[in-house]
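J.: Just a sequence and a predicted model for now, questions to come.
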Amino acid sequence: MTKGPEKLPETSMRQLEIFAAMMGERTTVATAESLGISQPAVSSGLRQLEAQLGLTLFERTGRHLEPTLEARNLYEEIRPLFGIVRSFAMRARDLRNGRVGRLRVISTPPPGYSVIPQAMRGFLDTRPDVTVSFDVRRLDNVLRAVQTGQADMGVGLAAGSIPNVNTEELRLGQMVALLPQDHPLARHDQIEIKALRGERFIGIDQESFLGRMVAQAFEAAHVTYHPQLETRYCQTAASLAANGLGVCIVDPWSAQPYLDGLEGKGGLVARPLAQDCPVRCMMFTRRGVPHSELLKTFMAEMRRATTALDIPGLSGPAPAIPVKDA
């Protein structure tokens, strides 16, 4: 009758850990201390391992246990295993702490060119093994990327919660007028729409959420809305205003890079509109998908960065409470 293959001993990882520690410590007391277990647990683990292997692994010489030749040979076989285990544990720790991996972030231009770079700096400075893919698009593209999983997180300006994604409000803002520092209206704490009559005005594309808001503000104030210049993004309008081409109404995040001087130019000041024109900076994540530790860490950096912003048109920080996944 042909004998089947010999059954291998069922050796546990814990027994191998005790064995490897004993090879270095040579006493059960020191081994127990190094592993954080009791001395009887060490002795029991070694006895079980020797019984399973059918080998004597240690012989007592005085107060120490001296490894046998068989033990030394076996140790050379398993030593690489503990290097792998240590690497595994370190990798798990880094994943747990959000220190390795790849993050995909997409944003509309206002937070993409202001608060996100600040959050990114704090995030990456202590995470050399993390890579980030970052793109700036219009709001509909941002939401589509989050919904389809092409991005882990999106950031954008919106009027409120968006269907089909998890939303978290980072900060509430008010639209602001961007003016030259020496403009007569710069002395005012707030700007009435009617005070902008006669100014060369830089408008925002009315196909966008912010552009429609500005046009509606003019209509509500019974002031004709007729921009001499019109552009797609608030950042472009702010850049044109910084180059002396007129005044504009933009969100606070778009205004922020152009305040208090710009590359030696006169710089601009931002004054909130007297008329209520609220705008919210929102963070979006995909529904039904748990957040990785890496994503949680970056979201925390975003909350810190938006809370730290101190520019005209921003209210106090919104409570950092995500809207629950529906």
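T.: Happy to help now that I have it.
J.: C-alpha from now on. contacts and neighbour counts both.
T.: OK.
J.: wait, Ile21 sits on Thr31?
T.: For residue 21 the amino acid is Ala, not Ile. Yes. Counting by CA atoms under 8 Å, Thr31 is a contact partner of Ala21 at 5.8 Å.
J.: Show me the shaky parts of the stretch 1-150 of the chain.
T.: Low-confidence segments of the stretch 1-150 of the chain, defined by pLDDT under 70: 1-10, 83, 85-100.
J.: Show me the helices in it, by range?
T.: Remark: helices assigned in the stretch 1-150 of the chain by DSSP state H, counting those that start in this stretch are 13-25, 28-35, 39-53, 69-96, 109-112, 115-125, 139-147.
J.: ranking these by burial, who's on top?
T.: Highest mean neighbour count of the helices of the stretch 1-150 of the chain: helix 109-112, a mean of 23 (counted as mean count of other CA atoms under 10 Å).
J.: for that helix, the distance to its chain's centre please.
T.: Chain-centre distance of helix 109-112: 15 Å, with CA atoms, centre = their mean, to the nearest Å.
J.: Need the residues that contact that helix.
T.: With contacts defined as CA atoms under 8 Å, 6 or more residues apart in numbering, helix 109-112 is touched by 106, 136-138, 155-157, 233-235, 251, 253-254, 281.
J.: could you dump stretch 161-174 to CSV, C-alpha only?
T.: Below are the C-alpha coordinates for stretch 161-174, written out as CSV (Å, rounded to 0.1, in the frame of the first residue of the first chain):
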residue,chain,number,x,y,z
SER,A,161,-26.2,69.7,-0.3
ILE,A,162,-25.9,67.9,-3.6
PRO,A,163,-27.9,64.8,-4.4
ASN,A,164,-26.1,61.4,-5.1
VAL,A,165,-22.9,62.3,-3.1
ASN,A,166,-22.0,62.7,0.5
THR,A,167,-21.6,66.4,1.3
GLU,A,168,-19.9,68.2,4.1
GLU,A,169,-20.0,72.0,4.4
LEU,A,170,-16.5,73.4,5.1
ARG,A,171,-17.2,77.1,5.2
LEU,A,172,-20.0,79.6,4.5
GLY,A,173,-19.0,82.6,2.5
GLN,A,174,-20.6,85.8,1.0
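J.: Could you shift the numbering so residue one becomes 56, and keep it that way?
T.: Yes, from this point I'll number from 56; that puts the last item at stretch 216-229.
J.: So for that stretch, mean pLDDT?
T.: Computed over stretch 216-229, the mean pLDDT rounds to 90.
J.: in it, what counts as buried?
T.: By neighbour count on 16 or more other CA atoms under 10 Å, the buried set for stretch 216-229 is Ser216, Asn219, Val220, Asn221, Thr222, Glu223, Glu224, Leu225, Arg226, Leu227, Gly228, Gln229.
J.: any idea whether the fifth one is helix, strand or coil?
T.: Going by DSSP: H, G, I helix; E, B strand; the rest coil, the secondary structure assigned to Thr222 is strand.
J.: returning to that earlier point: for Arg118, find the nearest of the helices of the stretch 56-205 of the chain.
T.: helix 83-90 (9.8 Å; CA to CA).
J.: which two in the contacts of helix 164-167 are spaced the farthest apart?
T.: Largest separation among those by CA to CA: Ile161 and Asp306, giving 18.6 Å.
J.: quick one: which of these two has more around it?
T.: Per other CA atoms under 10 Å, whichever of Ile161 and Asp306 has more neighbours is Asp306, with 30 against 27.
J.: right, and the more buried one touches Leu233 too?
T.: No. Using CA under 8 Å as the test, Asp306 is too far from Leu233 to be in contact (9.6 Å).
J.: Nearest to Gln271 among the buried residues of stretch 216-229?
T.: Using CA to CA, those come closest to Gln271 at Gln229, 14.5 Å.
J.: residue contacts, that closest one?
T.: Asp306, Pro307, Pro327, Leu328, Asp331, Cys332, Pro333, Val334, Gly368, Leu369, Ser370.
J.: do that again at 10 Å, thanks
T.: Neighbour list for Gln229: 305-307, 326-335, 367-370 [criterion: CA atoms under 10 Å, 6 or more residues apart in numbering].
J.: Give me the subset of those lying in helices.
T.: Taking DSSP state H, the ones among the contacts of Gln229 that sit in helices are Pro307.
J.: re earlier: select, out of the helices of the stretch 56-205 of the chain, the one closest to Ser294.
T.: The closest of those to Ser294 is helix 164-167. By CA to CA, the value is 12.5 Å.
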